[in-house]
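Peer 1: Sequence plus predicted model, see below.
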Amino acid sequence: MGLIHNSRIKSPWIMHFDNSSCNGCDIEVLACLTPLYDVERFGIVNMGNPKHADVLLITGPVNRRTARVLRNLYDQVPGPKMVIAVGTCASTGGVFHNCYNVLGGVDKVVPVDVYIPGCSVRPEAIIDGVVLALQKLASANL
Amino acid sequence: MTDGMMAIAILLPLLAGLVIFLVRDYYARNVVVVVTALTLIANSILFVVKGPFTYTPTGFNWGLVIEVLDYAILIFYLYLGFTLRNWLVLIFAVTQLIPLAYFEFVMKAHVEVAPAFVVDNLAIIMCLVISIVGSLICIYALRYMYDHEQHAHVEKSRQSRFLLWLVLFLGAMNGLVFANNLVWLYFFWEVTTMCSFMLISHDKTELAIKNAARALWMNSTGGTAFIIAIIYLYVTQGGASALSMQNIIGGTLQGSILLLPVALLCYTGCTKAAQMPFQSWLLGAMVAPTPVSALLHSSTMVKAGVYLVLRLAPAYAGTYVSTAVAIVGAFTFFGTSALAISQSTGKRVLAYSTIANLGLIIACAGINTPLSIAAAILLIIFHAISKGMLFLCAGTIEHLIWSRDIEDMEGLAAKAPLTTLITALGILSMFLPPFGMLLGKWIALEAAYRIPLAAVLFVLASTMTIVFWTKWLGRLLQVLPKLGWPFEKLSLSYSVPLWTLLVGIFVVGIGVAPIYQNFVASAAHNVISGTQIFASGWDNMSLSGTSVKGLLGYFPVWALYAVFAIAVLLPLIFVGLKPTQLRPVYMCGEQSGAMDADEYMAEADTKTKVILGGYYFQDSLGEKTLNPVVNTIAILLLVIMIGCGVILK
Amino acid sequence: MENIIQITKNDIVNEGKKLLDAGAKFVTAVCNDLDEKLEVTYFFSANRGVDLTCLRYTVGKDEEVPSLTGTTLSTLLIENEMKELFGLKVKDLAIDYGGHLMLAHDSPTTPMLKPKKAEAESKGEI
Amino acid sequence: MMRQLILLIATIVVAPFIGGLLFGIDRRITARLQGRFGPPILQPFYDFLKLIGKERIAVSRLQFVWIYAYLVFMVGSLLCLVFQSDFLILVFLLGFAGVSLVLAGFSTKSPYSHFGANRELLQIMAYEPVLLLLAIGIYAQNGTFLISEIFNQSRPLIFSLWPLFIAVLYVLTIKMRKSPFDIATSHHAHQEIVKGVITEFSGPYYALYQLAEWYEIVLVLGIVALFWTNPLWVGILIALAAFLLELLIDNIAARMTAPWMVRLSWTVGLILGVLNIAYIYFTKGVS
Amino acid sequence: MALMLPTILRNFFGGPATRMYPVQVREPFENARGHVTFNDDKCFLCGLCATKCPSEAISIDKEKRLLTFYPARCIVCEVCALACPGDAIDMVFKWRAPFYHKPVEVHESRGKRPRTPM
Amino acid sequence: MATRTTVPFGPQHPVLPEPVQLRITYEDEKVVEVVPVIGYGQRGIEKACELNEYNKNIYLCERVCGICSYQHSESVVLATEQLWPLDIPPRTKFLRTIWAEMARTHSHLLWLGLFADAFGYESMFLQFWRIREKVLDILEQTAGHRVIQSVNVVGGVRRDIDEAQKKTVIDTLNVVRRESDDLVNVLINDYTVKSRTVGVGVMTKAQAMALGCVGPTLRGSGVSEDARLTKYSAYGELNYEPIVETAGDCYARMKVRARELFQAIDLQMEALSKLPEGEIAIKVKGGPPANETVARTEAPRGELYYYAKGNGTRHLERMKIRTPTFANLPAVLILLPGCQLADVPVNIHSLDPCISCTER
Ligand code: NFV
Ligand code: SF4
Ligand code: SF4
Ligand code: SF4
């Protein structure tokens, strides 16, 4: 079991989902994959499909339509799974707090493990966030 | 004893057919059919036990009977041509009638040949296939026709008439494979053609009659070639002795003038085996009730065509005709496999695949090595069982969902798991290691190197075969994630033939080594060496150039079955999914509702059903695009084949 | 803003077609809530996009207005949007999203109309 | 007998390690070619173990049957190679492994695995003829399909079968799911059909798939190595060189379309194969 | 296809371009907007930052003399820092670290209103 | 006979970075029908603009989109300033232009990368994004942030570019130009790229005009139209002529953007060399007067319209944002039908869609 547990920490596959963000955080998530940040160093692969994901990187505020999508996607991720809210919007709704179609942060719909603040978040902060999530996973008794 | 056996094999079906026709009671009729079927099966096994022999009927002027009936059939064609206003039928009836009349009345030909029947190993194997598979199909037809008429709300039942032709067909086929006298062979040939016409047109719809007429005239061109070949042989080779099959293949005739009639007879075989460009009659025949298709396309009719070509193999061995036959067959294998990909109707796929396999068998005959002949015989056996079963499955499915469309079979595994399972195994048996068909293909490929062009066509065609089978199989097994399917109940008349054939597939598959060793090898030897085989019976013959070990040693049948069992059966035992472990499929996050929903949210938040159609490549492989090309090539190839007979002596 | 041509709602199709035929390109349409009425402005650009022309009409809130989608598909999205955000009753749309082009079922209806302001203001959460 | 048993077990155990390692090297080198640092070499094993430990979820029962069949047939095919059995049987088994994967894709009503399965089928259509032609080429050369016979010959196959070698190289590309042939699914790039057939496989089932892929890469490289069997290490070097070549090609090509792929392999691959066989046929005659 | 070859070979032999982030941290640029901090000694609760903040990340309780800052709402726009008359808000160049739970910073303001009018 | 396939493409799909659904009907793999389903990115920014005090709109509208964030902030301040209208110092205008072109550079590099990814050219994608990081660095050095610059305010800009920064910018731009030159050369001439883009998704000039397309999408179809021709900010003093390709296929649109990339670098160089001295902001008091106006800027994806209506208070009466993608989106209705599934991402990306812009 120890081997598997260790491997979990070494191989977090991410799925990135954009609720109704401004793209600011999304391009930074993508930027993490590029040569300068290259998160594949940590075994992170962008899978683009909930069934293969371990960590969900959610950007943007939840609006009334994406709430359903987010819920659906979350349900399709096999456990153990982590959810990271990337950006201020995803954490609380941020600057869109008074928009009529916005429900608020990701935690309105699915449980969130790590919040990364910033608008937009920097790639370094995303790496920090994933590391934090992995620490949580490592300490969890799964 | 031989008297009785021959009578049962050839005349009993006729008799039983007449009885069935007269007995109007459903149950009584069933009893007659079942008894006939069982008798035929038992009789065919008796043939195996007895081994090869020759036979000439005595005590009655059978020749005269056959002569009279010949004319009756041809005049019936004439009548059909007139009433259907189908000029092609008429023309080809005339082209048979006139030479035949000329041959008998003007030339006053003597057509007595001794022996009239030669029951050799190949014929016995054919008889086994015909009797067993054919009889099972007759049993299946009992219930099928009942359901068929129920569904169509037919006023007056025509089942007995249907069964008459069906059963009669078996007798004609038996006669055909046993006949040594070419004129008699021709007679049986025409009987099968006529039966097929009656069966295809059974539903009396416009389409059915049109397609039956097409089958009739196409086969009549073959009949014409047959007659011409007979006359040619008679004239050039000097008399009735040339009309003995044994003499033709035994090398006792003058080889150089023999080639043209042989090529003509090969052409005749090709028409009956629906080789390109004659594939359209077989496809048209699919309008008939499914037992017809099953019978015509697995064990009888088309097998008569390949039988003739195979039988003649030694007569054209080593000539360019042989190469041409191989290429004609290989090309049909290739062309129809490609066409099958574009088909969405289950029966049409089966039809194309039938033609493809017949092409393969004919190609094997054309390759004309001991190995390839053995492959051809193996393929005849395996194909008859698998394809017969698949047609029956198609019929069963048709009566479950009342559709022949492959697309409509989606999720059948949940509705009718048993039928699906049998169908799936049947499909797998067509192309999966370790089943027989693949074994046949393997041997064929091994043999094909003699004619590289054929080998290349084989390679391409067998790849495409995989494609259309997989597509169909995938469609059958595509299910929503529901748990627990109850098995459906099938009527006995459906399930007995299905199960028997399924068991048959496994038995001949697993037992291929002994079967090969004990039967096929000697039959192949018998084909190749013509007459000199009789004394040896089922002796364990070693074919020149190959031994059983050499042939089968490297086809690790047992190992492959082990792999198959591990792969397919083991997980079935161990997989136990709990409902909590099921998730809906991925639909980009918009799947709606429970795990077995196949809907998603689309515009304006409305639920929309996912529709998954198959790929049919209509643009590149459709009949419209491909047919003109392949048919032209096929006609050319046939011309070349006959041309080889004329020019290259 | 220069070049504002006041028209009536029934002229919009003809006038718009005239401009388009003269080589102009549809840019966008704007709907304004004038409390009692709705003011709709269609913008067209010409001369390599430099010159702007506006067609403007005013309608009551429950009057039906014609759609330009019969003439050009380019107004499809914006007319659907005006329909659902302002409740502008556009008829004969080429593809009618039925008020759910952008808004979900539980979104507020016609959120851009003025009286709804108070409702939206009260929102705001951590 | 004992020796064979040991060989059997050794193959089954060792092959995935080699395969996994090759994938690790693949990912590292690919990363370097793209100017990235890349994951640890052992990353595939971490992935595999993690997948094993994930929650088991499925969308259909049959799914598992077929993915398992894929694995078993792949292993069977590899065993054919290791035991130097009939090459044609190897190709048939490999083909059926592919078919199993297709059926796995078809076994659920999932749009993207459906697309993937259809494309996988097209891939089979593209590479199967080449492999079968290779089999015929081998037959033409040696008069038998037996792999053991290849080992008995002192003259490497590559001298007479080099056109087929080129054709086999793109079978390798297809099998390694590299650009330009990564049409059915690929390891990294974003696909219009998501992950194709394996979209619906998650956790342990996906691990099974990966395991099968590890066997597969060993098998396919093994086939490449067959072109030079005496001594075998030259063949292995050739296979590794081919492997590296694939990585390069992957990084200098866009993904092409399925029709393009089939067309290419049915023209170029076929022409190469047919010319090759024809040449041998006319020089050596029927054996 | 070969056109891309020089580029990737250059990449391969030139070594990776990756910044090994957690191991080596790049200094943030001067003037970069990282995150805001509050200086309780300077803030005199004028409330300007709270009214100007576009995302309502600051709230002021004049009675209890508390300034509450919600980092998870802040969009780092620097408006508050530029507006603050008491110079109580600093823009730190480095980004804010992620957290498990959304923090709430409560500041007890102790500043005095500066003489010079704002 | 169900030989057709109808499935959703999106909202969550690996080739779409943003949530949008296309309900596509296929025959084999050929697209026969497509219905765009949007609404996943709708937040209601236009309404919030009316609720906010006008200065906050800058920060809100910047976050309409993180890619063309700069153009949004420029447009919103231009629109607000035009309500008075205010007189903006020349240096400010030049600075705005420089940043706008810098943002265009980064957006086009981003797009070229994503486009390469759309046809599976992963290494190309990574190389473009690697170059893009350099542009982001100079953006951060000069404007304060990589993505959301927040540098515009009504009446001016917040930051200046000093001599040292100017040098860094010029140096970096030279490197960017050199490196992208290599890559763009590959992209334009590579056989595999060409076979995936040439002749794919052809849109004629007439179709593009009828659908009201804008920006590179329109210019790729042979129409020379660009909001920069209206000479807003400092464009009147720079050499500028739109880049046009005539083929109207994906390849042409790609070429337009690739060439615009270099044009943007040239414009920045020119603007930096002509940068006048002076103030960078003026003081603004009170709310905008009751007036209405339109601000038009050229965002990376095309012409961005801001319609603003004031009423004399610190709140605007109405703010309407017409983004370029909103105008380009109907083009999927003619680009997709008839193409292959494999070409769907290529076609979609060739429009450079931005859903957050579209739906606001
Ligand atoms: N559409 C759009 Fe934008 C741009 N360029 C807009 O103003 O990207 Ni998100
Ligand atoms: S946090 Fe900021 S940058 Fe990120 S999505 Fe939200 S508004 Fe955009
Ligand atoms: S002094 Fe500065 S920090 Fe304190 S309330 Fe005023 S603006 Fe805010
Ligand atoms: S930086 Fe902007 S969002 Fe953050 S507290 Fe200050 S004004 Fe509010």
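Peer 2: Arrived safely, thanks for sending. Ligands and ions are numbered 1, 2, ... in the order given.
Peer 1: Quick check: which ranges of chain E have low pLDDT?
Peer 2: Confidence mapping of chain E against pLDDT under 70 gives the ranges E:1, E:115-118.
Peer 1: who in it is up against chain A?
Peer 2: Those residues of chain E that sit near chain A, judged by Cβ under 8 Å from any Cβ of the partner chain, are E:11, E:16-22, E:25-26, E:35, E:54-56, E:70-77, E:95-102. C-betas here are computed from N, CA, C, even on glycine.
Peer 1: Mind jotting down where the helices sit in chain C?
Peer 2: C:12-21, C:76-86, C:117-121 (DSSP state H).
Peer 1: Let me fix that, I meant to ask about chain F.
Peer 2: Across chain F, reading from the start of the chain, the helices by DSSP H fall at F:45-51, F:54-62, F:69-83, F:90-118, F:122-143, F:163-189, F:191-197, F:205-210, F:215-219, F:250-274, F:324-328, F:332-335, F:343-350, F:355-359.
Peer 1: Figure out which of these is closest to residue A:8.
Peer 2: Nearest to residue A:8 among these is helix F:122-143; the distance by Cβ to Cβ comes to 26.0 Å.
Peer 1: which residues does the residue in chain C positioned nearest to chain F contact?
Peer 2: Closest approach between chain C and chain F, counting by Cβ to the nearest Cβ: residue C:74, at 3.2 Å. With contacts defined as Cβ atoms under 8 Å, 6 or more residues apart in numbering or on different chains, the neighbours of residue C:74 are C:25-26, F:210-212, F:327, F:330.
Peer 1: Most widely separated two among the residues you listed?
Peer 2: Looking at the contacts of residue C:74 by Cβ to Cβ, the two members farthest from one another are C:25 and F:330, with 12.8 Å of separation.
Peer 1: Which of the two has more residues huddled nearby?
Peer 2: In this comparison of residue C:25 against residue F:330, neighbours counted by other Cβ atoms under 10 Å in any protein chain shown, the higher total goes to residue C:25 at 26 against 22.
Peer 1: My guess is that one contacts residue C:49. True?
Peer 2: Yes. Shown here, residue C:25 and residue C:49 form a contact pair, counting by Cβ atoms under 8 Å, at 7.1 Å.
Peer 1: still on that earlier bit, so what sits against both of residue C:25 and residue F:330?
Peer 2: Common neighbours of residue C:25 and residue F:330 (criterion: Cβ under 8 Å, 6+ apart): C:74, F:212.
Peer 1: related to what we said a few turns ago, looking at the helices of chain C, which one is packed in the most?
Peer 2: Mean neighbour count (mean count of other Cβ atoms under 10 Å in any protein chain shown) peaks for helix C:76-86 among the helices of chain C, with a mean of 24.
Peer 1: Check whether that one comes near ligand 1.
Peer 2: No. For helix C:76-86, no contact with ligand 1 is found by Cβ under 6 Å from any ligand atom; the gap never falls below 12.5 Å.
Peer 1: what sits against the residue nearest the centre of chain F?
Peer 2: Compute the mean C-alpha point of chain F, and by Cα atoms, centre = their mean the closest residue is residue F:300, 2.6 Å away. Contacts of residue F:300 were listed using Cβ under 8 Å, 6+ apart, and they are F:67-68, F:71, F:103-104, F:107-108, F:111, F:215-216, F:352.
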